[in-house]
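In: sequence? don't have it. structure:
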């Protein structure tokens, strides 16, 4: 039986144009209807409540719909909901749903195998996400929500505990992808390998750690401006090649349609030192580069600092002054991204201060100043207590080069520094549990608001109950974050800046860089827009030769 399943999978995974050509009843369609990309990080679940990282988010975006979504300008757009409004208090929200959204055909719906999506499904989905028995890492998304209830079949109400300016952005997150109760009842835990959604593509086949195939949802509810039903693609094929250099070679051979991100194994083969495509590739490939709401940083545990001397603010500040971020970006990132001169809030969000604005505000942007760093170390007196416990930077293989660069920089201060390269799963688990004293981290915006970043250091979100892996706890900081939630306009911007400035002044993290998203496609591909949160939207993906 296993051999039969394997054979069937590879038959299903054959190029879609070949399948269509061999089927006499299938209408002729233009070539280029299969989009192929590689995911070097393993996918473990197709259930949207576990879409906690980019690999899972990209797949969830294809399979599931949400109430609302954000466009490339971070403006909230309709999803399953076509209209929404709140009362003057901001506590009561009403959503009017589309009446033409259907779930993917599935036996869980009985003989008809199809069913229309209703407000009952959205209410079930959001309450399932909140349920502690679901054990979703995204349950915190609905922390501002008091209750969710149905007004009628296509009208939903969401009541909040407090007014929250981020609520629409939260509801646009993949965690909130709408699922039918019948599928959860029918498949239980198996839903993670048998997803049923209402997105532009439906699940077809999955050979774990090899390939995942999605097919076009022919009843998807969206149309383009010319009245053609989306998506244009017939299928999406996702490979799982963990070696990024091997995946890059597959791209060069034409076996993949996109390469994303900047990896040490191929960056100098593809990009020049200014972050553009090398001249030899410009006639073949197209570079898509845009601002990315992602801050890369080194996290420092505040409770039980390890080593203990990291409890001294002077030492933490010295670690920041000792790092030549501009050289790091030039040599390791081909200048793709902006050196992390400030706090946690990335470029593009309200509250972020530019380098010049930070200097004008007397916030002293981080820059390379080894003499100042050494002076702070001398003032701390820690070198008088030898031998010192080493600073161990925990990371995964993908970031070894950056962490080794940081290691060399900090060693110039006379400090013992080691790099511990961990398996990805073990690293994620230990960081989520607050076990790591020093760790490489990044935060891609879940929703486009600075509050999403500030919560990383909020007391109520300390690990293991939230994303505060640093275990930082400070009542003044918490009061600023509370003000961010409770205020509007200039007062809100000031609260964001005060909270972020406190993190920077106390050197509660070592910002590395504010990222840019980078994708490279064959020149024939069009319709895949960039997005500040690096969302992969394939609804309008097509080749230029398509009619």
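Out: Ah, there it is. Since the structure is predicted, the reported quantities are computational estimates derived from the model, not experimental observations.

In: quick one: the closest residue in space to residue 240 that isn't next to it in sequence and residue 256, what's the gap?
Out: Nearest residue to residue 240, sequence neighbours excluded (C-beta to C-beta, 6 or more residues apart in numbering): residue 209, at 5.1 Å. Using the backbone N, CA and C atoms, a C-beta is placed for each residue, glycine as well. Residue 209 sits 17 Å away from residue 256 when distances are taken as C-beta to C-beta, to the nearest Å.

In: circling back to that earlier point, so the residue nearest to residue 240: helix, strand or coil?
Out: Recorded secondary structure, residue 209: coil (DSSP: H, G, I helix; E, B strand; the rest coil).

In: Can you name every helix or strand that the strand ranked longest in the chain contacts?
Out: Counting residues, the longest strand in the chain under DSSP state E turns out to be strand 285-300. Under the contact definition 3 or more C-beta pairs under 8 Å, 6 or more residues apart in numbering; DSSP states H and E, strand 285-300 sits against strand 438-444, strand 509-522.

In: Could you check how far residue 473 is from residue 482?
Out: Counting by C-beta to C-beta - residue 473 and residue 482 are separated by 14 Å.

In: Report the contact partners of residue 123.
Out: By C-beta atoms under 8 Å, 6 or more residues apart in numbering, the contact set of residue 123 is 148, 149, 150, 156.

In: Closest one of the residues you listed to residue 73?
Out: Nearest to residue 73 among these is residue 156, at 25.7 Å by C-beta to C-beta.

In: right, so of the helices and strands packed on strand 285-300, which gets closest to residue 372?
Out: Checked against C-beta to C-beta, the stretch from the helices and strands packed on strand 285-300 lying closest is strand 509-522, at 15.0 Å.

In: Taking strand 285-300 as reference, get the angle to the closest one.
Out: Note on geometry: by axes from the mean of the first three to the mean of the last three C-alpha atoms, to 10 degrees, strand 509-522 and strand 285-300 are set 160 degrees apart in direction.

In: which ones are touching residue 217?
Out: For residue 217, the contact set (C-beta under 8 Å, 6+ apart) comprises 104, 198, 199, 200, 201, 202, 231.

In: and what of residue 274?
Out: 334, 335.

In: ok, back up a step: compare the helices and strands packed on strand 285-300 and give me the one nearest residue 292.
Out: Closest of the helices and strands packed on strand 285-300 to residue 292 is strand 509-522, at 4.0 Å (criterion: C-beta to C-beta).

In: Please identify the pairing partners of the closest one and their relative orientation?
Out: strand 258-260 (antiparallel), strand 285-300 (antiparallel), strand 338-339 (antiparallel) (DSSP bridges).

In: Would you mind listing the outside residues contacting the last one?
Out: Judged by C-beta under 8 Å, 6+ apart, the contacts made with strand 338-339 from elsewhere in the structure are 325, 326, 328, 329, 347, 513, 514, 516.

In: Setting the sequence-adjacent residues aside, check what's closest to the fifth one.
Out: Read it as residue 347. Distance criterion C-beta to C-beta, 6+ apart; nearest residue to residue 347, sequence neighbours excluded, is residue 514 at 4.8 Å.

In: related to what we said a few turns ago, which SSE is immediately downstream of the longest strand of the chain?
Out: helix 313-321 (DSSP states H and E).

In: Would you mark the buried spots in that next one?
Out: For helix 313-321, burial by neighbour count (16 or more other C-beta atoms under 10 Å) applies to 314, 315, 316, 317, 318, 319, 320, 321.

In: Ok, stretch 524-531 next?
Out: Quick answer for stretch 524-531 (16+ other C-beta under 10 Å): 525, 527, 528, 530, 531.

In: from those, which is closest to residue 124?
Out: Taking C-beta to C-beta as the measure, residue 124 lies nearest residue 531 of the buried residues of stretch 524-531, at 28.3 Å.

In: and residue 294, how many neighbours does it have?
Out: 20 (other C-beta atoms under 10 Å).

In: For it, which non-adjacent residue is spatially closest?
Out: residue 515 (3.9 Å).

In: can you count the residues close to the residue nearest to residue 267 when sequence neighbours are not counted?
Out: Spatial nearest neighbour of residue 267, excluding adjacent residues (C-beta to C-beta, 6+ apart): residue 334 at 5.4 Å. Residues near residue 334, counting by other C-beta under 10 Å, number 19.

In: per-residue pLDDT, residue 334?
Out: pLDDT for residue 334: 93.

In: Regarding it, what is its secondary structure?
Out: Going by three-state DSSP: residue 334 is coil.

In: picking up where we left off before, between the buried residues of helix 313-321, which is closest to residue 443?
Out: For those, the minimum distance to residue 443 (C-beta to C-beta) is 17.8 Å, reached by residue 320.

In: which intervals of the stretch 1-150 of the chain have sub-threshold pLDDT?
Out: 1-32 (pLDDT under 70).

In: now swap in the chain and tell me
Out: In the chain (pLDDT under 70), the answer is 1-32, 545-547.

In: what does the domain assignment say about it?
Out: For the chain, automatic domain parsing gives the domain ranges 2-240, 292-516.

In: Of all these, which one is nearest residue 260?
Out: Closest of the domains of the chain to residue 260 is domain 2-240, at 7.4 Å (criterion: C-beta to C-beta).

In: From residue 357, how far off is residue 323?
Out: Using C-beta to C-beta, one obtains 21 Å as the distance from residue 323 to residue 357.

In: Between those two, which is the more surrounded one?
Out: Between residue 323 and residue 357, counted using other C-beta under 10 Å, the more crowded position is residue 323 (27 against 13).

In: Confirm the more buried one sits in a helix?
Out: No. Going by three-state DSSP, the assignment for residue 323 is coil, not a helix.

In: I figured it hits residue 411, correct?
Out: No. When contacts are counted by C-beta atoms under 8 Å, residue 323 is not listed as touching residue 411 (11.8 Å).

In: Can you report how many residues lie near residue 463?
Out: Counted with other C-beta under 10 Å, residues neighbouring residue 463 total 19.
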